[in-house]
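Peer 1: Build me a structure from this.
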Amino acid sequence: MLLQYITWTAKPEIFTVGSLSIRWYGLFFAIAFYLGYRLMEFVNKREGLPETETDRVSLHMIIGVVIGARLGHVLFYQPDWYFGSILGFKDPATGQGLEPHLLEILQIWKGGLASHGAAIGILIALYLYSRKPQIPSYLWVLDRLILTVAFGGFWVRLGNLMNSEIYGHETSLPWGFRFVKDPAAAHLPDKASVAGCIDYMGTSFCPRHPTQLYEALSYMIIFILLMRYYLQHSGPNKAKKPMQDGMMFGMFLIMLFGIRFIVEFCKENQVDFESKLPLDMGQLLSIPFILAGILILILASRKKPNAVL
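Peer 2: Residues are numbered from 1 along each chain as shown. I've put the predicted structure just below:
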């Protein structure tokens, strides 16, 4: 067999100067925003919008992504840590109220960003943006901005790979990754043994599903499919094959969160309480987006091209 597992030894930092570290995740995040900006320049020019609209919508996107992703993690995954006794959370061992860590909510550089929170943040930010008179409709904006979201998601998941985070369960598949830089990825004796385990620095690591790559490649495929659809139904081509507002957005929600729901079956739980749920948090949060996508797609298909839902 040509491929026999991958031992992933990449460091999260590109380089360090004193106490300042430049990380791959930050670089890929910046690349996602820069290329997304250039993509929106192309879209706005094709749609005949002023150049200033690219700056305006980009600012809304950045604010929506950062605030939404951070608050999503805080509220969906670790409310007990950040709010503690304020919301009545108690230590199960002692029964005492947990200490809140409110200031850490602002410390984004320590990690903790949720893609579902980012999605909600983007939806709110673009709603505020779409209220400008020259913007046809809210769904018109979403149809075009999801191109940058799908493309940006590809880069963000590569950043997760460089951080050795958000990986999957142990696997015997030949493309499994051994994430030796993360102690939490060490092999647990109570789990079934799999092939390809190695000893690294005195600890046993077994191959795991590289779910970051599963999602990254899926997002790139979604971007290519939607970009092709957009080019066939907009600009010079829209007179022949015009599309209804909301059509692309509905397809995007179904594809992206449908894939996210499936990939979650291969993922490790991010927080302990997920083990008590019938589905993990990522799957539970994906279901409303999938249902919304189906509803939007049905409504859009019943409307005349360019009609406002």
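
Peer 1: Per-residue pLDDT of the residue of the chain most remote from its centre, please?
Peer 2: Note on the chain: the largest C-alpha distance from the chain mean falls to T94, namely 36.0 Å (C-alpha atoms, centre = their mean). T94 carries a pLDDT score of 74 in this model.

Peer 1: So it, which state does it fall into?
Peer 2: coil (DSSP: H, G, I helix; E, B strand; the rest coil).

Peer 1: residues contacting it?
Peer 2: If a contact means C-beta atoms under 8 Å, 6 or more residues apart in numbering, then T94 has no contacts. For glycine as for every other residue, the C-beta is placed from the backbone atoms N, C-alpha and C.

Peer 1: OK, contacts around G159?
Peer 2: W24, Y25, G26, L27, F28, F29 are the contacts of G159 under C-beta under 8 Å, 6+ apart.

Peer 1: Does the first one touch N160 like I think?
Peer 2: No - look at W24 against N160 with C-beta atoms under 8 Å: they stay out of range, at 9.8 Å.

Peer 1: quick one: which of these two has more around it?
Peer 2: N160 (22 against 18; other C-beta atoms under 10 Å).

Peer 1: Leaving aside the residues adjacent along the chain, what's closest to the most centrally placed residue in the chain?
Peer 2: Taking C-alpha atoms, centre = their mean, the centroid of the chain lies closest to S115, which sits 3.7 Å from it. Spatial nearest neighbour of S115, excluding adjacent residues (C-beta to C-beta, 6 or more residues apart in numbering): A69 at 6.9 Å.

Peer 1: show me where this structure has helices.
Peer 2: Here the chain has its helices, by DSSP state H, at 24-47, 52-76, 79-83, 115-129, 138-162, 211-232, 247-263, 281-301.

Peer 1: Can you point out the buried residues in the fourth one?
Peer 2: Using 16 or more other C-beta atoms under 10 Å as the test for burial, helix 115-129 gives S115, H116, G117, A118, A119, I120, G121, I122, L123, A125, L126, Y129.

Peer 1: next one: the worst-scoring helix or strand of the chain on mean pLDDT to chain centre, how far?
Peer 2: Lowest mean confidence among the helices and strands of the chain (mean pLDDT, DSSP states H and E): helix 79-83, at a mean of 80. Centroid separation for helix 79-83 versus its chain: 22 Å, with C-alpha atoms, centre = their mean, to the nearest Å.

Peer 1: now swap in stretch 153-169 and tell me
Peer 2: Worked out by C-alpha atoms, centre = their mean, stretch 153-169 lies 10 Å from the chain centre.

Peer 1: which regions of this structure lie under the pLDDT threshold?
Peer 2: Applying pLDDT under 70 to the chain picks out residues 1-3, 93, 109-111, 188-193, 235-241, 271-274, 304-309.

Peer 1: Isn't T203 up against A186?
Peer 2: Yes - counting by C-beta under 8 Å, T203 touches A186, with 4.9 Å between them.

Peer 1: mind checking how far F265 is from S19?
Peer 2: Going from F265 to S19 by C-beta to C-beta, to the nearest Å gives 40 Å.

Peer 1: higher neighbour count, these two?
Peer 2: Each of F265 and S19 has its neighbours counted (other C-beta under 10 Å); F265 has more, 13 against 5.

Peer 1: With S286 as the reference, measure out to that one.
Peer 2: When F265 is compared with S286 (using C-beta to C-beta), they lie 12 Å apart.

Peer 1: just W175 next, same as before
Peer 2: 24 Å.

Peer 1: Looking at the two, which one has more neighbours?
Peer 2: S286 (25 against 14).

Peer 1: what about the more buried one, distance to E264?
Peer 2: The value you get for S286 to E264, if C-beta to C-beta is used, is 7 Å.

Peer 1: do G18 as well
Peer 2: The value you get for G18 to E264, if C-beta to C-beta is used, is 39 Å.

Peer 1: So which of these two has more stuff around it?
Peer 2: E264 (21 against 5).

Peer 1: these two touch, right, that one and G282?
Peer 2: Yes - between E264 and G282 there is a contact at 4.6 Å, judged by C-beta under 8 Å.
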